[in-house]
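>>> Sequence unavailable; structure follows:
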């Protein structure tokens, strides 16, 4: 049967190919790194400090990989590589600092950089070999799945999964075999899709005929009686059923479908992270912000000079935003507008009703007359937000989180504002890597709410990895 493929994580069996097998392999790599260091020439005091530093580096790196979910059986490559990079950089930075504190004679700089690189490459090779052998032994992918739901929700999930298929990084995945949805008259183009499309009443017959075990129920942001009934009926048909909100990232949906829990798997949650993990997130924020700040400093100086030479007014722009705990703070940005932007906005909105409607809808204008020439370039690649690195250092923002909002937007969030104010807003986030200004305002709210209720360090790593591509492509930025 014909269908579209999308990336899914490899499903690994137990034993050598399971999570504990990978942990043992990683420990072996760490042991080899320490053994290599012990054979290098040097005085006893210097070698002792380096060995203690590397022991701490390996322990911290592997601990972070565990928190990032690297030792779970279902892992997505787009999350695995950023998690591996973040864990080893943080771990070896801490180990280097420890070795330098023990003795000034330590060769921690060059040595730790070399050992970190070898360790990172070795851990990456271990994962490549693991996926290769495990996929051949345990399961042949792709898996055939069925999408169910009301027409609009099913359409949205199908679009998300098929769009994600262009980014797949391995040969495995999910193959969409059929879509069963009520109200297909509202989706006339469904007849041209290369999958089976029919009403939900035919789901059981199709599943039994084709032997499909995996189903995904696409639900809207607010569930009604029909959706609840559909979930109940579907849970009796499929061996594995995923209940996924329409705004869920395709990789997340793929991960849970491939999970080991039987029957009903629910993506919707209310994630309250332990205090220790929140502290770790703050450490990651500080480390990442300081590193990013040092790397971006020359560029920041060039941008500041360009703004000063091309238009009158200050280099930085401060705007009052609402953050964690309903606390107000000033978010920093490079100034991208003329100093008389308010007057310009009022003039154009009074003159053009289409512009006024666009502004009232999303608080943004695609062709904003207030923006300077250098400002358009900065916004195109989201570089106007680089000064918010300082907001991260101060603790008002996080590297990853919901989009920071102004006071007037609180009422638009409605009940979802309770979720928003539980975390720090982010320099980047799920909305920023999911289309940005090409989405509706309600979709922004849904993305923010989804992030808070399903937060994990692994999700942060995935968003950071996707951010670089979103910045370079400039999709939805204006």
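Noted; the coordinates are in hand. As the structure is a prediction and not an experimental result, all values here were calculated from the model.
>>> Just give me the neighbour total for residue 89.
Residues lying near residue 89 (other CB atoms under 10 Å) number 17. In short, each C-beta sits where N, CA and C put it, glycine included.
>>> measure it to residue 472 for me?
Counting by CB to CB, to the nearest Å, the gap from residue 89 to residue 472 is 21 Å.
>>> Pull out the buried positions in the host helix or strand of residue 58.
Using DSSP states H and E, residue 58 falls within helix 44-67. Buried residues in helix 44-67, counting neighbours by 16 or more other CB atoms under 10 Å, are found at 46-50, 52-58, 60-62, 64-65, 67.
>>> ok, now stretch 339-359?
Neighbour-count burial for stretch 339-359, counted by 16+ other CB under 10 Å, picks out 341, 344-345, 348-349, 355, 358-359.
>>> which other helices and strands contact the helix ranked longest in the chain?
Scanning the chain for the longest helix, with DSSP state H as the assignment, gives helix 275-310. Judged by 3 or more CB pairs under 8 Å, 6 or more residues apart in numbering; DSSP states H and E, helix 275-310 is in contact with helix 44-67, helix 77-102, strand 328-334, helix 373-380, helix 388-394, strand 398-400, helix 457-473.
>>> can you tell me which residues contact residue 328?
Shown in contact with residue 328 (CB atoms under 8 Å, 6 or more residues apart in numbering): 320-322, 407.
>>> Tell me how far it lies from residue 22.
Residue 328 is 45 Å from residue 22, by CB to CB.
>>> Low-confidence stretches in the stretch 201-350 of the chain?
Across the stretch 201-350 of the chain, the ranges flagged by pLDDT under 70 are 221-224, 245-277.
>>> typed the wrong thing, it's the stretch 1-150 of the chain
Residues of the stretch 1-150 of the chain meeting the criterion pLDDT under 70: 1-20, 37-47, 69, 72-79, 100-112, 130-142.
>>> Filter the contacts of residue 328 down to just the buried residues.
Among the contacts of residue 328, the ones that count as buried by 16+ other CB under 10 Å are 321-322.
>>> Relative to residue 232, which of the contacts of residue 328 is nearest.
residue 322 (38.9 Å; CB to CB).
>>> OK, contacts around that closest one?
Counted by CB under 8 Å, 6+ apart, residue 322 has contacts 328, 404-407, 410, 421.
>>> from these, which ones fall inside strands?
Among the contacts of residue 322, the ones falling in strands (DSSP state E) are residue 328.
>>> export the contacts of residue 322 to JSON lines and tack on distance to residue 398?
Converted to JSON lines, the contacts of residue 322 look like this (distance: CB to CB, whole Å):
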{"residue": "328", "distance to residue 398": "17"}
{"residue": "404", "distance to residue 398": "10"}
{"residue": "405", "distance to residue 398": "15"}
{"residue": "406", "distance to residue 398": "18"}
{"residue": "407", "distance to residue 398": "20"}
{"residue": "410", "distance to residue 398": "19"}
{"residue": "421", "distance to residue 398": "13"}
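>>> Which members of the contacts of residue 322 are the farthest-apart pair?
Among the contacts of residue 322, the pair separated by the greatest distance (CB to CB) is 406 and 421, at 13.6 Å.
>>> circling back: among the contacts of residue 322, name the ones in helices.
When DSSP H is applied, the contacts of residue 322 are split such that residue 410 fall in helices.
>>> Just the buried subset of the contacts of residue 322, written out for ChimeraX, thanks.
A single ChimeraX command suffices to select whichever of the contacts of residue 322 are buried according to 16+ other CB under 10 Å:
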select :404,405,421
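>>> nearest to residue 180, of the contacts of residue 322?
Looking across these and measuring by CB to CB, the closest to residue 180 is residue 405, at 37.7 Å.
>>> Dig out what that closest one forms beta bridges with.
residue 322 (DSSP bridges).
>>> Please apply the same query to residue 329.
Note on residue 329: beta-bridge partners residue 321, judged by DSSP bridges.
>>> Thought residue 396 was touching it, still the case?
Yes: with contacts counted by CB atoms under 8 Å, residue 329 reaches residue 396, the gap being 4.0 Å.
>>> now the helix holding residue 58: how far from the chain's centre is it?
Helix 44-67 sits 28 Å away from the centroid of its parent chain (CA atoms, centre = their mean, to the nearest Å).
>>> now swap in stretch 325-334 and tell me
22 Å.
>>> I'd like the numbering to begin with 239 instead of 1 from here.
Sure, I'll start counting at 239 from here, so that last one is stretch 563-572.
>>> what residues are shared contacts of residue 567 and residue 634?
Common neighbours of residue 567 and residue 634 (CB under 8 Å, 6+ apart) are residue 561.
>>> can you list the domains in this protein?
Residue ranges for the domains of the chain, per automatic domain parsing: 248-376, 379-504, 513-574+609-711.
>>> Save these as a markdown table, and put in distance to residue 602 too.
Converted to a markdown table, the domains of the chain look like this (distance: least, CB to CB, whole Å):
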| stretch | distance to residue 602 |
| --- | --- |
| domain 248-376 | 28 |
| domain 379-504 | 19 |
| domain 513-574+609-711 | 6 |
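>>> Need the mean per-residue confidence for the helix or strand harbouring residue 413.
Take DSSP H and E as the rule and residue 413 turns out to sit in strand 412-420. Throughout strand 412-420, pLDDT has a mean value of 82.
>>> Each with direction, which strands does the following helix or strand past it pair with?
As assigned by DSSP H and E, the chain's next helix or strand after strand 412-420 is strand 434-436. Using DSSP bridges, the strands paired with strand 434-436 are strand 412-420 (parallel).
>>> Relative to the whole chain's centre, how far out is the partner strand?
Using CA atoms, centre = their mean, the offset of strand 412-420 from its chain centre is 25 Å.
>>> how about the nearest residue to residue 659, chain neighbours excluded?
Leaving aside its sequence neighbours, residue 659 sits nearest to residue 564 (CB to CB, 6 or more residues apart in numbering; 5.0 Å).
>>> Could you single out the nearest of the buried residues of stretch 577-597 to residue 475?
Using CB to CB, residue 596 is the member of the buried residues of stretch 577-597 that sits closest to residue 475, with 44.3 Å.
>>> Surely the closest one is in contact with residue 605?
No: assessed by CB under 8 Å, residue 596 is found out of contact with residue 605, at 9.4 Å.
>>> On the three-state scheme, residue 309 is what?
Following DSSP: H, G, I helix; E, B strand; the rest coil, residue 309 is assigned to coil.
>>> Tell me how many other residues surround it.
Neighbour count of residue 309, defined by other CB under 10 Å: 17.
>>> Show me what counts as buried in the longest helix of the chain.
Along helix 513-548, these residues count as buried under the neighbour rule (16+ other CB under 10 Å): 518-519, 522-523, 525-527, 531, 538, 541, 544-545.
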